[in-house]
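Q: Here is my input, please return the structure:
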Amino acid sequence: MKYFIIQKKKNTFLKQLLCIAVIQVLLVTGLYAQADSTAKKEEGKTEEAAVLISPTLQFITVQKADNTIDLKAVLKAKIKGSFIKLPLLKIKFTAVNGDAENDLGFKITDREGKAVLNIKADSLVMDKEGKVHFKALFTGNKAMEAATEEAAVKRARLEITPVKDDSVFTVKAKLVDLGSGKETPVPEITVGIFVKRSFNALKLGEGATDTNGEASVEIPANLPGDAQGNITLIGRLDENETYGNLEAASVQKWGIPVSDKLQELPRALWSSHPPLWMLFTFIILISVVWGHYIVIIFQLFRLRKEEPHNINTADAAVS
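A: Prediction:
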């Protein structure tokens, strides 16, 4: 009996192997047939090229008060209707002087798709109009096309001077043109004054420069600072047609000291630690509500047990 069982198992196993072999032959035949059908194309027809992603490269320059320039590039791509930031990609920066290009270096985009390269402007060559030309280039890869952007700005410098007079805090800004090789005041340009914050700078005010290229903005005296009361004041000129973006910064001990130590906040309605009376009230209310549910379910089970049962007449007769 045992011999027949073993022989039967062997026969079943052989049948399974045969079925698998037949299926594999059919699959291979189908694949070859499919390959043959796709191979039959008209002469002169080429295979359709793969669609590449077309990235968007945003490029700006920021002239600093220390005569350096920040070259800022942002690389994005629109995929399925929404813009996706492209990290870990190489952006190359060059200075353009006529037909010649001088390599300034490269940066790798961060997780926000941003790349920033700081260069010394003293080594740059200006054109006849006092402008400097830059180019940002992404060479592309197997999945994305190349992208390039250029920017040309006239050389200038923005300076800020904090002034304290009794209890009044003022920031004086001065804008000068450097395109001619000497400092020339720039009038009638609106300059904004900001204070640095954790995410975006907070605007405190703005003022237009006079004939001396100067503007004055009064700021509040109750701004929160760091643990020592320091605040970072920023003067900024954004997206000017001639000078592009300019920026200057100064650190002053004009703020209210705010402790940077990690400590547990007191119990409050707006914190993650509510007051004890609220916590107890919540627990009591929830207990009362669920207590009613438990009592109702218990009573339903009692009613089901006390429900009268119909006595079978046949069983009664037999008894």
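Q: ok, so what distance separates residue 256 from residue 222?
A: Going from residue 256 to residue 222 by CB to CB, to the nearest Å gives 6 Å. From N, CA and C alone the C-beta is placed, and that goes for glycine too.
Q: again with residue 159
A: According to CB to CB, residue 159 stands 26 Å off from residue 222.
Q: One more: residue 145?
A: Residue 145 sits 52 Å away from residue 222 when distances are taken as CB to CB.
Q: When the two are compared, which one has more neighbours?
A: residue 145 (13 against 7; other CB atoms under 10 Å).
Q: my guess is that one meets residue 57, correct?
A: No. Taking CB atoms under 8 Å as the contact criterion, residue 145 and residue 57 are not neighbours in contact, 10.6 Å apart.
Q: What residues of the helix or strand hosting residue 245 count as buried?
A: Using DSSP states H and E, residue 245 sits in strand 244-252. Neighbour-count burial for strand 244-252, with 16 or more other CB atoms under 10 Å as criterion, is recorded at 244-249, 252.
Q: what's the answer for stretch 170-178, then?
A: Going by 16+ other CB under 10 Å, stretch 170-178 has these buried residues: 171-178.
Q: Contacts made by the biggest strand by length in the chain with the rest, please.
A: Ranked by residue count under DSSP state E, the longest strand found in the chain is strand 68-79. The set of residues external to strand 68-79 that reach it, using CB atoms under 8 Å, 6 or more residues apart in numbering, is 53-64, 83-86, 89, 91, 93, 104, 107, 109, 112-121, 124, 132, 134, 136, 138, 144, 147, 149.
Q: do the same with stretch 253-272
A: Counting by CB under 8 Å, 6+ apart, 162, 164, 169, 219, 221-231, 273-276, 278 sit against stretch 253-272.
Q: residue boundaries of the strands in the stretch 101-250 of the chain?
A: Assigned by DSSP state E, counting those that start in this stretch, the strands in the stretch 101-250 of the chain fall at 114-120, 131-138, 147-154, 156-165, 168-177, 184-185, 190-195, 202-208, 214-219, 231-240, 244-252.
Q: Make JSON lines from these and add distance to residue 293 and mean pLDDT to it.
A: Formatted as JSON lines, the entries for the strands of the stretch 101-250 of the chain read as follows, by distance: least, CB to CB, whole Å; pLDDT from 0 to 100:
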{"stretch": "strand 114-120", "distance to residue 293": "55", "mean pLDDT": "93"}
{"stretch": "strand 131-138", "distance to residue 293": "63", "mean pLDDT": "94"}
{"stretch": "strand 147-154", "distance to residue 293": "63", "mean pLDDT": "93"}
{"stretch": "strand 156-165", "distance to residue 293": "66", "mean pLDDT": "92"}
{"stretch": "strand 168-177", "distance to residue 293": "62", "mean pLDDT": "93"}
{"stretch": "strand 184-185", "distance to residue 293": "79", "mean pLDDT": "92"}
{"stretch": "strand 190-195", "distance to residue 293": "55", "mean pLDDT": "94"}
{"stretch": "strand 202-208", "distance to residue 293": "51", "mean pLDDT": "92"}
{"stretch": "strand 214-219", "distance to residue 293": "60", "mean pLDDT": "92"}
{"stretch": "strand 231-240", "distance to residue 293": "57", "mean pLDDT": "93"}
{"stretch": "strand 244-252", "distance to residue 293": "62", "mean pLDDT": "93"}
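Q: For this structure, which helix or strand comes out least confident on mean pLDDT?
A: Averaged element by element with mean pLDDT, DSSP states H and E, the chain has its least confident helix or strand at helix 2-39 (a mean of 48).
Q: so what's residue 211 up against?
A: Taking CB under 8 Å, 6+ apart as the contact definition, residue 211 lies against 185, 187.
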